[in-house]
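1. Have a look at this prediction, sequence included:
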Amino acid sequence: MLKALENISAFYANPTRFMALARQVHRPLWALAIGVLAYGLYRVAYVPADYQQGDSVRIMFVHVPAAWMSLFGYSFIFIASVTALIFRHPLGHVAARAAAPVGAVFTLLALITGSLWGQPMWGTWWVWDARLTSVLVLFFIYLGYIALWQAIDEPTRAARAASILAIVGFINVPIVKFSVDWWNTLHQPASVSRLARPALHADFLYPLLIMGAGFLVLFLALTLTRMQMEVLRQRLRARAPKGEPPHV
Amino acid sequence: MSGLMRIFAAICSQHMHLSWRSGQTMLAVSFLFIAITLLPFGLGPELKLLRALAPGLLWVVLAISLLTGLERLFQADYEDGTLDRLLLVPLAFEAVVLAKLLGHYLALVLPLILAVPLAGLLLNIEAARLPVLLAAMLCGSPALVLLGGIGASLAVSVRRGGLLTVLIAMPFYVPVLIFGAAAGRAGLETGVAVGPYLGILAALSAASLLLAPFAIAAALRSALR
């Protein structure tokens, strides 16, 4: 099993082979993402309104999957960086760089939809609740990671620096989560209990899971497209005459 | 003192000397006081309010003063080639990094912490709170330097990388600030044990001491390649 995985990963270490695969997978993946999201939204439209929250509960079906993707995105970057740094897989850096803005946008989406949901529910756009705060910090970790990629001109140097940051940052995420949880419970335990909803009724749970699957496929589709872009960008760089790197 | 220890001490004291001679220490301490002076303009001169907020404000200002000094931690040595030489020193590069961090701590961070009681005076902090606050800062500040060093080393090859360093390092500062400010607050409330907070701060410093030199050395090596 492991051996097979190793063989597959070695086979696609060649960017040309990866690009050939990506060209084939690209459209079906996008079609699947759009299909699942469309079906999910259709299901969400027929979810009964919540007896307390009314129709605003529908924000949840975007908000919660976006929050899942924010964590999935950073884990994806971490795994890709480890693959690149330890196993020297050439696509690791490409995947990590491609996924970062996607993950950051999902994190921002989670923050914005959370804020839009918080306004009618809690009567305020923002509370320094433990979850909100740690997602905000995660967003800043994303921003630092993306900024580091942009700031260093030399590609291999940027790739190494970024993967070190991704790994150290990944260790940091649970520590931030723990300390922010602790910090908030000291201050205002009441607001947390409002978030800790009772277990979801099946009417809500299945549409939510479908939306989650849709977001996951969307994440993968976006990342694949960006990986293709990244490989093309590297080829363009390699072709440019010495001394005048193209602005790509 | 063995040869390796002597090299370690030499790198450390050289870094201290340079920070002191180039006025970095004075700059950082002045920055701390200027930031403290600006606070009442923003918050109003109400002494009661300032007193209540003082421990948290002092922690935040300390962290920001520290962040502004980080840019020069490795950059000057990177630009003039000293760092290339330090790679050849018969000491593990991680130990070289640790020596520079220690020099930075002694030259820049310790003076900042020593300035905190005076800055606290301006914010009308009670004298009884100071020992706990200082103890918390001594326990937590090594983590701030070590984690900030990660940001500084990653951005070392970037011209004017100061803001980038701050952006990278800030998320790492969240846990230290949370427990540091909590210790400062607990300092005055009777019946609240301060020990656990100091313990967590020290644990954060110890964990950073274990991880940061490796991350910093790896980042610097890749920048020097």
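-> Now that the structure is in, tell me what you want to look at. Residues are numbered from 1 along each chain as shown, chains lettered A, B, ... in the order given.

2. any idea which element the residue nearest the centre of chain B lies in?
-> Nearest to the mean C-alpha position of chain B, by C-alpha atoms, centre = their mean, lies B:Val145 at 3.9 Å. For B:Val145, the element it lies in under DSSP states H and E is helix B:130-154.

3. cool, and A:Leu220?
-> With DSSP H and E as the criterion, A:Leu220 is inside helix A:202-239.

4. what packs against that helix?
-> Secondary-structure packing of helix A:202-239 (3 or more C-beta pairs under 8 Å, 6 or more residues apart in numbering or on different chains; DSSP states H and E): helix A:15-45, helix A:60-86, helix A:90-122. C-beta coordinates here come from the backbone N, C-alpha and C atoms, glycine included.

5. After the helix holding B:Val145, which helix or strand is next?
-> Downstream of helix B:130-154, the first helix or strand assigned by DSSP H and E is helix B:162-186.

6. which strands and helices sit next to the helix or strand following that following helix?
-> Downstream of helix B:162-186, the first helix or strand assigned by DSSP H and E is helix B:195-224. For helix B:195-224, the contact count by 3+ C-beta pairs under 8 Å, 6+ apart identifies helix A:155-187, helix B:72-79, helix B:82-88, helix B:93-104, helix B:130-154, helix B:162-186 as packing neighbours.

7. pLDDT below threshold where in chain B?
-> Counting by pLDDT under 70, chain B shows low-confidence ranges at B:1, B:187-191.

8. Contact residues of it facing chain A?
-> Residues of chain B found near chain A (C-beta under 8 Å from any C-beta of the partner chain) are B:150-151, B:154-155, B:157-158, B:161, B:164, B:167-168, B:170-172, B:174-175, B:178-179, B:182, B:204, B:211, B:215, B:218-219, B:222-223, B:225.

9. Taking those, please make a ChimeraX selection of just the buried ones.
-> Burial among the residues of chain B next to chain A is assessed by 16 or more other C-beta atoms under 10 Å in any protein chain shown; the matching ChimeraX selection reads:
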select /B:150,151,154,155,157,158,161,164,167,168,170,171,172,174,175,178,179,182,204,211,215,218,219,222,223
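
10. thinking A:Arg58 is in contact with A:Val44, fair?
-> Yes - shown here, A:Arg58 and A:Val44 form a contact pair, counting by C-beta atoms under 8 Å, at 5.8 Å.

11. Please verify my assumption that A:Met167 contacts A:Ala84.
-> Heads up, residue A:167 is Ile, not Met. No - A:Ile167 lies out of contact with A:Ala84 (C-beta under 8 Å); the separation is 10.3 Å.

12. before we move on, back to that, quick one, what contacts the residue nearest to the centre of chain B?
-> With contact set as C-beta atoms under 8 Å, 6 or more residues apart in numbering or on different chains, B:Val145 has these partners: B:66, B:101, B:104-105, B:109.

13. Mind telling me the two of those farthest from one another?
-> Using C-beta to C-beta, those reach their maximum pairwise distance at B:Leu66 and B:Leu101, which is 12.1 Å.

14. show me where pLDDT drops low in chain A?
-> Ranges of chain A meeting pLDDT under 70: A:1, A:51, A:185-201, A:242-248.

15. Could you list the residues of it in contact with chain B?
-> Residues of chain A found near chain B (C-beta under 8 Å from any C-beta) are A:137-138, A:140-141, A:143-144, A:147-148, A:151-152, A:154, A:156-157, A:160-161, A:164-165, A:167-169, A:171-172, A:175-176, A:178-180, A:182-183, A:186.

16. Need phi/psi at A:Gly54.
-> With angles defined as degrees, to the nearest 10, A:Gly54 sits at phi 70, psi -150.

17. so it bridges to which residues?
-> For A:Gly54, the beta-bridge partners under DSSP bridges are A:Asp50.

18. what about it, neighbour count?
-> 11 (other C-beta atoms under 10 Å in any protein chain shown).

19. roughly how far apart are it and A:Val64?
-> A:Gly54 sits 18 Å away from A:Val64, going by C-beta to C-beta, to the nearest Å.
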